[in-house]
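**Q** quick one, what's the 3D model for this:
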Amino acid sequence: MTVYPAEVHLPELPEVEITARRLGAALAGAEVESALARGMVALKSVDPPLEELTGRHVEAVRRIGKMPVVECGPLSLLVHLMSAGRLQVFEKRASLRDRTARVLVRLADGRELRLREFGTRQRAWAKLMPAENVDAEEMVATLGPEAWPAPPVGELATLIAQPRHLHPLLRDQRVIAGIGRSWVDEVLWEARLSPFRQGADLGEEEVERLHAALHVLGDAIDHYEGVIGETVPDKLPMPLQVHRREGHPCPRCGTTIAAVQFAEHITCYCPEEQTGGRVLKDRRLSRLLK
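**A** Got it, this is the predicted structure:
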């Protein structure tokens, strides 16, 4: 059995959705006392300045794709968590020596909304803009339809009718928004489709299976609603069946889960149910699985 080093799971649609729900409940009506950004790349905007949040009240927190949006009346703070960011509320304010803190929104009641990032890559960011400009923002305007609730099956068929492998195709936010490295394995396993099938080659019944499989995203949100309290932890108890489960038995058929390793991620699948019994040992052979 392969043992992987500990990882911080990338926030994807279910994780960002539960984060937005919990933050929305915790922050409703809270007044902003001050706001500041740490580092040169944490804040992607200068006009309006972050200080414009001072004195405003948080009205809502919502999700667009894999991005939380904090609504403060006429202003919106769009946040991109990248691969290791977390947006959380803390009862106490962070020390300015806290190297994980990227953006700090300090509230009048003493709490703090904090964008944190683990690791050394420092890529998570926030952008303040007029609320009416959010939909036109490039990171939003270029998104495909939300993966949950799923788009109509016919629309999904059109979106994926491309000569590309399903694994990267479904992770392309311009095609469909919200799915990343963890949940794409789960969706494809649920649909019994090879990660290396090309979207353009799927038949009508296979597209219908893929469409139906998107329910795993909603199931994950329901799972979080049942196990997550008022505060979202750094590590969420993700209800994963196959992702990073190489060497474990498939929950449906018992076949040993296999994996293909890439530079920055792995693809896990059931050989019996997804690839016709074939086990791919080396990513350089991925062209053999179609």
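
**Q** report the buried residues of whichever helix in the chain runs longest.
**A** As assigned by DSSP state H, the longest helix anywhere in the chain is helix 13-27. By neighbour count with 16 or more other C-beta atoms under 10 Å, helix 13-27 contains the buried residues 13-24, 26-27. For every residue, glycine as well, the C-beta is placed using N, CA and C.

**Q** same check, this time on stretch 133-149
**A** Neighbour-count burial for stretch 133-149, with 16+ other C-beta under 10 Å as criterion, is recorded at 134, 137, 139-140, 143-148.

**Q** where along this protein do the strands fall?
**A** Assigned by DSSP state E, the strands in the chain fall at 32-37, 60-64, 67-72, 75-80, 85-90, 101-107, 112-117, 125-130, 258-261, 266-269.

**Q** closest to residue 252 out of these?
**A** Among those, the nearest to residue 252 by C-beta to C-beta is strand 266-269 (12.2 Å).

**Q** which of the strands of the chain sits closest to residue 157?
**A** Judged by C-beta to C-beta, the one of the strands of the chain that comes nearest to residue 157 is strand 266-269, at 22.1 Å.

**Q** quick one: strands adjacent to that closest one?
**A** Strand pairing for strand 266-269, determined by DSSP bridges: strand 258-261 (antiparallel).

**Q** buried set for the strand it pairs with?
**A** Buried, per 16+ other C-beta under 10 Å, within strand 258-261: 258-260.

**Q** try stretch 217-231
**A** Neighbour-count burial for stretch 217-231 flags 217-218, 220-221, 223-224, 228 (criterion: 16+ other C-beta under 10 Å).

**Q** now, among the residues you listed, which is nearest to residue 112?
**A** residue 228 (20.0 Å).

**Q** grab the nearest non-local neighbour of that closest one.
**A** Nearest residue to residue 228, sequence neighbours excluded (C-beta to C-beta, 6 or more residues apart in numbering): residue 18, at 5.8 Å.

**Q** next: residue 100.
**A** Leaving aside its sequence neighbours, residue 100 sits nearest to residue 116 (C-beta to C-beta, 6+ apart; 4.4 Å).

**Q** hang on, the earlier thing: among the buried residues of stretch 217-231, name the ones in helices.
**A** Short answer: the buried residues of stretch 217-231 in helices (DSSP H) are 217-218, 220-221, 223-224.

**Q** give me the pLDDT for residue 284.
**A** Listed pLDDT for residue 284 reads 43.

**Q** now swap in residue 280 and tell me
**A** So residue 280 comes in at 81 (pLDDT).

**Q** same question, residue 101
**A** Looking at residue 101, its pLDDT stands at 90.

**Q** with residue 215 instead?
**A** Looking at residue 215, its pLDDT is 98.

**Q** these two touch, right, the residue nearest to residue 228 and residue 225?
**A** Yes - counting by C-beta atoms under 8 Å, residue 18 does reach residue 225; the two are 7.0 Å apart.

**Q** right, I'll leave it there.
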